[in-house]
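Visitor: Prediction below, plus the sequence it came from.
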Amino acid sequence: MADAAGAQGAQGVASDSPVTEMRRYAIERLTLTDFRSYTSLRIEAGGQPVVLTGVNGAGKTNILEAISLLVPGRGLRRARMSELACDRGPGDWAVAAQVSTPDGKVTVGTGFVPDGPGRRERRLVRIDGETVSSQAELARHMGAHWLTPQMDRLFSDGVSARRRFLDRLVYAWDPAHAGRVQAFEQSMRERLKLLKERKSPDAGWLKTVEDGMAERGVAVAAARRDLIARLAPPAAAGLGPFPGALLALQGELDDWLDDGPALQAEDRYRSRLAADRARDQSGGRTHSGPHRTDLVVRHGAKGKAAALCSTGEQKALLIAIVLANAALRGREDGGVPVLLLDEVAAHLDEMRREALFAHLLSLGAQVWLTGTDDSLFGAFKNRAQHFEIDNNGLKPNPN
């Protein structure tokens, strides 16, 4: 396996048990160039689950982060593109993967080319060697979702983190959702600029901007609502020691969509934006819209808000949602996503850990797991590629 100096890649250890054949997304080969701590790295995963072990700071999460950039968005750390470059490299970076999908094999890649000081960061996306214009294209060829230790407080921290989590789920089902969210936020910024810079903004232009906000905002809310309607039943069912998670959306637009059709909700939102002009102008923010929606989660058995549950219960609820979404995508979309689970085993008791691993294997998902101790992943002993990371290099772990 390639080390930080760019040694030759090596094939992973063979598995005694073949990966379950099913419709899913799986990485067969992953290549990193000048990314984070790696100047050159290649992993021949063969579509199997992958277990990465090593001491803290060895570079395990960097590999998961690289994979997370093969779907739309800013990845699991939400870092700036320039921050991802290896400090021993020229300042650009690239991540590429050969992926097996429900529709066949495809090569996907993304990277960063610096444009110089003070210029806008530019991210490149390629599908089968051809440059495409939008990150949204990645969602048509690759599916992935992740859990990191930083997400353990998702239900206790601010609403924006839960909204991002929700939108990542929606992106996988509806690649156009990312564009709608961005278009809404751009219109919202434009409206606030008009309100801030002019005491008496042009009424016609302001109405045009608000019309666009209403159309895009309701489309964003409707896409979230559609996913939650499908995801809520399997999430509520729970899985063994993982409790059922009761899901709901809380927001003004969400209530309007419950009360009537989307066109009616658009009209109500237009009226609200017009009525809120003075308040939004003085406050410097938009008080109503899909950017105010919250994902509300409750513990199914206890009926308790997730934010009031113990840390362990919150972790279990989050895992239950991710597993329910993966299974739902396998049934409805025909493609179980790649799951990136960073240090998940260390924070689960033995019963939940074994239940999680058993479910992952039965689901047939390609899962990438990280940890400091390979013994925690005994259930994957003959069902996964096991690698040890040392000095930002990778070597097969035969244990």
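Guide: Thanks, I have it.

Visitor: so how far is the helix ranked longest in the chain from its chain's centroid?
Guide: Assignment by DSSP state H gives helix 203-237 as the longest helix of the chain. Computed by C-alpha atoms, centre = their mean, to the nearest Å, the chain-centroid distance of helix 203-237 equals 19 Å.

Visitor: Run through the neighbouring helices and strands of it.
Guide: In terms of contacts (3 or more C-beta pairs under 8 Å, 6 or more residues apart in numbering; DSSP states H and E), helix 203-237 is packed against helix 159-173, helix 176-197, strand 245-250, helix 252-259, helix 262-275, helix 311-328. C-beta: built from backbone N, CA, C; applies to glycine.

Visitor: I'd guessed Trp146 sits against Ala66; true?
Guide: No - here Trp146 does not reach Ala66: they are 11.7 Å apart, not a contact under C-beta atoms under 8 Å.

Visitor: now the strands: where do they sit in the stretch 51-200 of the chain?
Guide: With DSSP state E, counting those that start in this stretch as the criterion, the stretch 51-200 of the chain has strands at 93-101, 104-112, 123-127, 130-132, 144-147.

Visitor: re the thing from before, got the helices and strands packed on helix 203-237 as TSV, with mean pLDDT and distance to Leu348 columns?
Guide: Formatted as TSV, the helices and strands packed on helix 203-237 follow (pLDDT from 0 to 100; distance: least, C-beta to C-beta, whole Å):
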stretch	mean pLDDT	distance to Leu348
helix 159-173	93	19
helix 176-197	93	31
strand 245-250	98	16
helix 252-259	97	32
helix 262-275	97	41
helix 311-328	93	7
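
Visitor: Throw these into TSV and include distance to Gly300, thanks.
Guide: Putting those into TSV (distance: least, C-beta to C-beta, whole Å) gives the following:
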stretch	distance to Gly300
helix 159-173	18
helix 176-197	27
strand 245-250	5
helix 252-259	21
helix 262-275	29
helix 311-328	9
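
Visitor: For Ala183, which non-adjacent residue is closest in space?
Guide: Arg216 (5.1 Å; C-beta to C-beta, 6 or more residues apart in numbering).

Visitor: contacting residues for the one you found?
Guide: Arg180, Ala183, Phe184, Ser187 (C-beta atoms under 8 Å, 6 or more residues apart in numbering).

Visitor: Read off the pLDDT value for it.
Guide: Reported pLDDT at Arg216 in the predicted model: 97.

Visitor: Quick check: it vs Glu185, distance?
Guide: Going from Arg216 to Glu185 by C-beta to C-beta, to the nearest Å gives 9 Å.

Visitor: on that earlier part again, out of the contacts of Arg216, flag the one nearest to Arg329.
Guide: If you rank the contacts of Arg216 by distance to Arg329 using C-beta to C-beta, Arg180 comes first, at 20.0 Å.

Visitor: for the closest one, what are its contacts?
Guide: Residues counted as contacts of Arg180 (C-beta under 8 Å, 6+ apart) are Arg216, Ala219, Val220, Ala223.

Visitor: Turn those residues into a markdown table, including distance to Ser82.
Guide: Shown next, in a markdown table, are those (distance: C-beta to C-beta, whole Å):
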| residue | distance to Ser82 |
| --- | --- |
| Arg216 | 29 |
| Ala219 | 32 |
| Val220 | 29 |
| Ala223 | 31 |
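
Visitor: Pick the one among those closest to Pro49.
Guide: Ala223 (30.8 Å).

Visitor: residues near the closest one, how many?
Guide: The local packing of Ala223 (other C-beta atoms under 10 Å) involves 20 other residues.

Visitor: which stretches of the chain have low pLDDT?
Guide: By pLDDT under 70, the low-scoring segments of the chain are 1-22, 116-121, 198-199, 334, 392, 398-399.

Visitor: on that earlier part again, could you single out the nearest of the contacts of Arg180 to Asp276?
Guide: Distances from Asp276 to the contacts of Arg180, taken by C-beta to C-beta, are shortest for Arg216, at 17.0 Å.

Visitor: So that closest one versus Ala176, what's the distance?
Guide: In this view, Arg216 and Ala176 are 11 Å apart by C-beta to C-beta.

Visitor: how about stretch 325-334: buried residues?
Guide: Judged by neighbour count using 16 or more other C-beta atoms under 10 Å, the buried positions of stretch 325-334 are Asn325, Ala326, Ala327, Leu328, Arg329, Gly330.

Visitor: repeat for stretch 249-266
Guide: Neighbour-count burial for stretch 249-266 [16+ other C-beta under 10 Å]: Leu249, Gly251, Glu252, Leu253, Asp254, Trp256, Leu257, Ala262, Ala265, Glu266.

Visitor: ok now do the last one, which residues does it touch?
Guide: Residues touching Glu266, when contacts are defined by C-beta under 8 Å, 6+ apart, comprise Ala214, Glu215, Val218.

Visitor: Most neighbours of all the residues you listed, which one?
Guide: Neighbour max across the contacts of Glu266 (other C-beta under 10 Å) = Val218, 28 neighbours.

Visitor: burial count for Ala306?
Guide: 22.

Visitor: hang on, it packs against Leu317?
Guide: Yes - Ala306 lies in contact with Leu317 (C-beta under 8 Å); the separation is 5.4 Å.

Visitor: got any residues that touch both of those two?
Guide: Phe155, Ala245, Val297, His299.

Visitor: Could you double-check that the third one lies in contact with Leu247?
Guide: Yes - counting by C-beta under 8 Å, Val297 sits close enough to Leu247 to count as a contact (6.0 Å).

Visitor: shared neighbours of those two, which are they?
Guide: If you check Val297 and Leu247 against C-beta under 8 Å, 6+ apart, the residues they both contact are Ile321.

Visitor: what's the helix or strand for Val296?
Guide: strand 294-299 (DSSP states H and E).

Visitor: CA atoms only for that strand - export them in PDB, please.
Guide: Taking C-alpha atoms only, strand 294-299 is exported to PDB below (Å, rounded to 0.1, in the frame of the first residue of the first chain):
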ATOM      1  CA  ASP A 294     -35.600  22.100  12.400                       C
ATOM      2  CA  LEU A 295     -35.500  18.300  12.400                       C
ATOM      3  CA  VAL A 296     -37.200  17.200  15.600                       C
ATOM      4  CA  VAL A 297     -36.300  13.700  16.900                       C
ATOM      5  CA  ARG A 298     -37.800  11.900  19.900                       C
ATOM      6  CA  HIS A 299     -36.900   8.600  21.500                       C
END
